[in-house]
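**Student:** here is the input, now give the coordinates:
(one chain, ligands or ions: 1)
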Amino acid sequence: MSRPHPGPTGGRPTDTDQSTRPTPATAHDDDWRGVAAEDREEVDRRVGVRLQARSRRLLRSLLRPHAAGVLLALVLVVAENVAQLAGPLLIATAIDTGVPAAIAGRPGPLSWHVGGYLGCALATAVLRHAFLRLSGRIGQDVLLELRKRVFDHAQRLSLSFHESYTSGRMISRMTSDLDALDDLLEMGLDGLMSSALTVVGVAVLLVWLDQPLGLTVLATFVPLFLVARWFRRRSQSTYRRTRTTVARVIVQLTETMNGIRAVQAFRRERRNESIMDGLSGEYRAAHRDSLRLVARFTAVVRLFGNLTTVVVLAVGAWRVAHGELELGVLAAFLLYLRKLYDPLDELAMVANAYSSAAAALEKISGVLEEAPAVPEPARPIPLPAPRGELRFHAAGFRYTDHGPLVLPRLDLHVPPGQTVALVGATGAGKSTLAKLVARFYDPTEGAVTLDGVDLRRISDADLRRAVVMVTQESFLFEGSVADNIALGRPGATRAEIEAAAAAVGAHEFVSALPEGYDTHVRKRGGRLSSGQRQLVAFARVFLADPRVIVLDEATSSLDLPSERAVQAAMETVLAHRTALIIAHRLSTVLVADRVLVMADGRIVEDGPPVELVGGDGRFARLHRAWLDSLAPAEPSAPSGLAEPSAPSEPPPASSAPPASSASADTSGRSGQPRRDNANANQAAPRPAATP
Ligand SMILES: Nc1ncnc2c1ncn2[C@@H]1O[C@H](COP(=O)(O)OP(=O)(O)OP(=O)(O)O)[C@@H](O)[C@H]1O
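**Tutor:** Below is the predicted model:
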C-alpha cells in the first residue's frame, strides 16, 4: 500500500525502505501510483484496471471489519425480498383458486391467501427497517474510518507532498469525495442488494410461471447488458472528470479565502472571478455530461421495460384467449414485470452512484498510497539524551527529482551549544539548510547527523524532542493560550506552563488577558499581536526544551518594545542550546557565536561575526554597503551585492546586516569581543525595526 514511487510529490525511498524501492524496469509501471494519475481524465486500460483494483482493495479493507454485519444485512435483504416477491404469487393463486373456492362457498383458502399476503407485508416492513438501520450504521462506520485514515495519513505525509498537492485538493478528498462514497453507501447497499435480488428472483419466477413468456422477457436482458456496459465505460471517465473539476473549484476557493487580504489589496477580485467562472463552468459541464449519461441510460431501460410489457400483454392475452394460459398467471406475470423493471431503474441509479464513488475512491486511495518522503526508520537508533551536535556530510539537496541542486554537497559541523546565524541573499538556501536539520526533507545525497546519528535513523519522537523549528508564522492553533504553550510538552502542568511563559517574559501579558491563560486565542492566534504570538511560541519551545533550535527569526513587523521583548525571550530560549538562526536582524547576527554567509547553496564565509565584519569578505562588504546607503549624500552601495531594500530603510540581516546599529540593542549574550562597539552607540537606526 505504501510503496514509495518517484511521483510528483517528491516521495523518495530512503535507506530505511530499500527493499521496496522500485527498480528502473518498473518505473514506467508506477506512473499511476499515489496521486500521479489524479489529473488524468482519460487513462489507458492498464492504468484504469490498476486504479480500480486499488479502489476495490481499499473498499474491501474498509468493509472487512464489518463482514458479519454485511452478511446479516444480506440475509435481511434476501428475507425482505422473498416476503415481497411472495405477494404477487399469493394474488395469482388467490385469483385462480381462492376466489373460485370462495364463490363456491368455501372462504377458507381465500382467507389463507389474504392472511399470507398480510404477513408478507408486515415482514417486509420489519425486515426493511432492520436492514436500513444496519446498513446505515455500517455505511457511517466505514466513512468514519476512511475519514480518519485520510486525515491521519495526510498529517504524516511530508511537506513536499503538501506543497505540491495543496490544501484545496485535500479538502476536496475529505468532503466531496467522501460525500460521493456516502451516497453510494447510503443508497447503494440498499439499492444494489434489493434490486439485484429482486431482478434475479423475478427472473426465476417468470420462467417458472410460464417458460415461453419468461424466456422472452429474459431475452431482453442481452441488449440491456450491452447498454449497461456502455454506460459503465462512459461514466468512468465522466465521473473522473467531475471529481477532478470539483477539486479544482475547491482549490481555487481555498486559495482565494486563505489569501483574501492579498486579493483585496491587489484588487484581484475580477481575475479570481473569471478563474472561478471558468472552473465552475468546467465542473458544471462535467456534471451535466454525467447527468445526460444517466438520463440516456435510464430512458433506455424504461423503454425496454415498457416494450416488454406490451409484448407480454399481447402474447399473454392471445394465449389466454386460446386457453394456453390462465388469467391469474398473466396478471401475476404483468405484476412481476413491473417489479423487474422498477429495480432496473434503481440499478441504473446505483450504477450512477457507484461510478461517482469509484472515481472518488480512486483519488482517495491515491492519497493513501502516497508514502511519506521522510519516513520513520524501521529500526531507529535511540537518542535518549541528545547533546545537539550537528553535522552535514556532503549533503546535497534538490526539491524535485529533476529540479536544480539547491544545496550542492554541503559540509558543516556545529558543535553542541553553538549559536549559528545564517545570512545571505534571498534564495541563497538558508531555509533549505534549516529544513534539513528539522528533517522536513531528507538530503538527496550525503547525510545530516545529530550526535553522529543520521537523522533518517532517529525516530520521529526522539527527533521532535531533540530538534524544534520555530517559523516566522509562530502558528497558534485554536484553543487557549495555555493549550498553545502546552503543545511544546503535552501533559505539562499549569505551573510548568506558567513557568515557561515567565521565563520568556510572556507571563505578564498573558495574565492581563481577560481569562489569563485560559483566554481563547481565536483562529491562528488572531486575538494576539504578532509580538505576543512570538512570545507564546517561544514559551512553547522553552517548555519543549529541545537541544537544537532552528529559528526563522523575523521581527521586522514588530514595534520597538515588542521587538525588544522578543529579542530578550529569544536569548533565554537559545541559552545552552545548539541554535541555527536564519537571522533577519543584525542584533541576532552579532549575538551569534558564528555566522555562515550563504550564496547559491554554498557557505561562502564562516566565522565569528566580529571577525567577518572587520575583514573584507562578502559579509563586511554587505555591511559597508548598508552603511553607505544610510548616508544619502554619499555614493551609493557597490553593485554586485545583495541590495539593501531602500537607501533610507535598513535591510534585514539576511540581505545586508549593519553591525553598528545592532550592537546598540544586543545584550552581548555571546560574550564575543565587540570591535565595533564604538561605532555602535553613535549608529543609526535599528536594522529591522521602523527606519
Ligand atoms: N518548496 C520548494 N520547491 C522548489 N524550490 C524551492 C522550494 N523552496 C525553496 N526553493 C528554491 O530553493 C532555493 C533556496 O531557497 P531558500 O528558501 O532555502 O532560500 P532562503 O535563503 O531561505 O531565501 P529567503 O531569505 O528569501 O527565505 C531558491 O532558489 C528557491 O527558489
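**Student:** C-alpha from now on. contacts and neighbour counts both.
**Tutor:** Fine.
**Student:** dump the residue contacts of Leu63.
**Tutor:** Residues near Leu63 by Cα atoms under 8 Å, 6 or more residues apart in numbering: Val70, Val142.
**Student:** quick check: it vs the ligand, distance?
**Tutor:** Leu63 sits 38 Å away from the ligand, going by Cα to the nearest ligand atom, to the nearest Å.
**Student:** any idea how far the residue nearest the centre of the chain is from Thr493?
**Tutor:** The centre of the chain sits closest to Met170, judged by Cα atoms, centre = their mean, with a distance of 3.5 Å. Applying Cα to Cα, to the nearest Å, the value for Met170 to Thr493 is 35 Å.
**Student:** go on, Asp345?
**Tutor:** Taken as Cα to Cα, the span from Asp345 to Thr493 is 62 Å.
**Student:** likewise Ala83?
**Tutor:** Applying Cα to Cα to Ala83 and Thr493 gives a distance of 63 Å.
**Student:** show me the contacts for Val320.
**Tutor:** Going by Cα under 8 Å, 6+ apart, the list of residues near Val320 reads Glu326, Leu327, Leu330.
**Student:** circling back to that earlier point, higher neighbour count, Ala83 and Thr493?
**Tutor:** Neighbours per residue (other Cα atoms under 10 Å) separate Ala83 from Thr493, with Ala83 holding more: 20 against 12.
**Student:** name the element the more buried one belongs to?
**Tutor:** Assigned by DSSP states H and E, Ala83 falls within helix 67-93.
**Student:** residues in contact with Glu269?
**Tutor:** Here Glu269 is in contact with Val263 (criterion: Cα under 8 Å, 6+ apart).
**Student:** how about the one 3 residues further on?
**Tutor:** Asn272 makes contact with Thr256, according to Cα under 8 Å, 6+ apart.
**Student:** assign a three-state SS to it, would you?
**Tutor:** Of the three states, Asn272 takes helix under DSSP: H, G, I helix; E, B strand; the rest coil.
**Student:** any idea how far it is from the ligand?
**Tutor:** For Asn272, the distance to the ligand - Cα to the nearest ligand atom - is 24 Å.
**Student:** how about Val437?
**Tutor:** Taken as Cα to the nearest ligand atom, the span from Val437 to the ligand is 12 Å.
**Student:** mind splitting this structure into its structural domains?
**Tutor:** 32-369, 409-682 (automatic domain parsing).
**Student:** and the protein, which residues reach the ligand?
**Tutor:** Neighbours of the ligand within the chain, by Cα under 6 Å from any ligand atom: Tyr399, Val406, Thr426, Gly427, Ala428, Gly429, Lys430, Ser431, Thr432.
**Student:** name the member of those residues that has the highest neighbour count.
**Tutor:** Neighbour max across these (other Cα under 10 Å) = Lys430, 29 neighbours.
**Student:** what's near enough to touch it?
**Tutor:** With Cα under 8 Å, 6+ apart, Lys430 has these contacts: Leu422, Val423, Gly424, Ile582, Met598, Gly601.
**Student:** report the buried residues of stretch 494-501.
**Tutor:** Under the neighbour-count criterion of 16 or more other Cα atoms under 10 Å, stretch 494-501 has Ile497, Glu498, Ala499, Ala500, Ala501 buried.
**Student:** for the chain, just list every one of the strands.
**Tutor:** The residue ranges that make up the strands of the chain, judged by DSSP state E, are 390-397, 407-414, 419-424, 445-450, 453-454, 467-470, 548-552, 578-582, 594-599, 602-607.
**Student:** so which of the ones you listed is the most packed in?
**Tutor:** strand 419-424 (a mean of 29; mean count of other Cα atoms under 10 Å).
**Student:** His507: what's its closest spatial neighbour, skipping adjacent residues?
**Tutor:** Ala501 (5.0 Å; Cα to Cα, 6 or more residues apart in numbering).
**Student:** ok, that neighbour to the ligand distance?
**Tutor:** Following Cα to the nearest ligand atom, the distance that separates Ala501 from the ligand is 28 Å.
**Student:** re the thing from before, now, the most widely separated pair of the contacts of Lys430?
**Tutor:** Greatest spatial distance among these (Cα to Cα): Ile582 and Gly601, at 13.9 Å.
**Student:** low-confidence ranges, the stretch 401-550 of the chain, go.
**Tutor:** 472-474, 523-527 (pLDDT under 70).
**Student:** same deal with the stretch 1-150 of the chain?
**Tutor:** 1-34, 36-43, 45.
**Student:** picking that back up, pretty sure the residue nearest to His507 contacts Phe509?
**Tutor:** No - look at Ala501 against Phe509 with Cα atoms under 8 Å: they stay out of range, at 9.7 Å.
**Student:** overlap in contacts of the two?
**Tutor:** By Cα under 8 Å, 6+ apart, no residue touches both Ala501 and Phe509.
**Student:** got TSV for the strands of the chain, with distance to Arg241 too?
**Tutor:** Formatted as TSV, the strands of the chain follow (distance: least, Cα to Cα, whole Å):
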stretch	distance to Arg241
strand 390-397	36
strand 407-414	39
strand 419-424	46
strand 445-450	39
strand 453-454	44
strand 467-470	40
strand 548-552	41
strand 578-582	44
strand 594-599	45
strand 602-607	45
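**Student:** out of the contacts of Lys430, which is nearest to Arg106?
**Tutor:** Nearest member of the contacts of Lys430 to Arg106, counting by Cα to Cα, is Ile582, at 100.2 Å.
**Student:** got the contact list for that closest one?
**Tutor:** Ala421, Leu422, Val423, Lys430, Ser431, Ala434, Leu551, Asp552, Glu553, Ser654.
**Student:** go on, Pro384?
**Tutor:** Asp462 are the contacts of Pro384 under Cα under 8 Å, 6+ apart.
**Student:** give me the distance between the closest residue to Ala358 other than its chain neighbours and the ligand.
**Tutor:** Using Cα to Cα, 6+ apart and skipping residues adjacent in sequence, the residue nearest Ala358 is Ser55, 7.0 Å away. Distance, Ser55 to the ligand, using Cα to the nearest ligand atom: 30 Å.
**Student:** can you get me a residue count around Ser55?
**Tutor:** Neighbour tally, Ser55, other Cα under 10 Å: 22.
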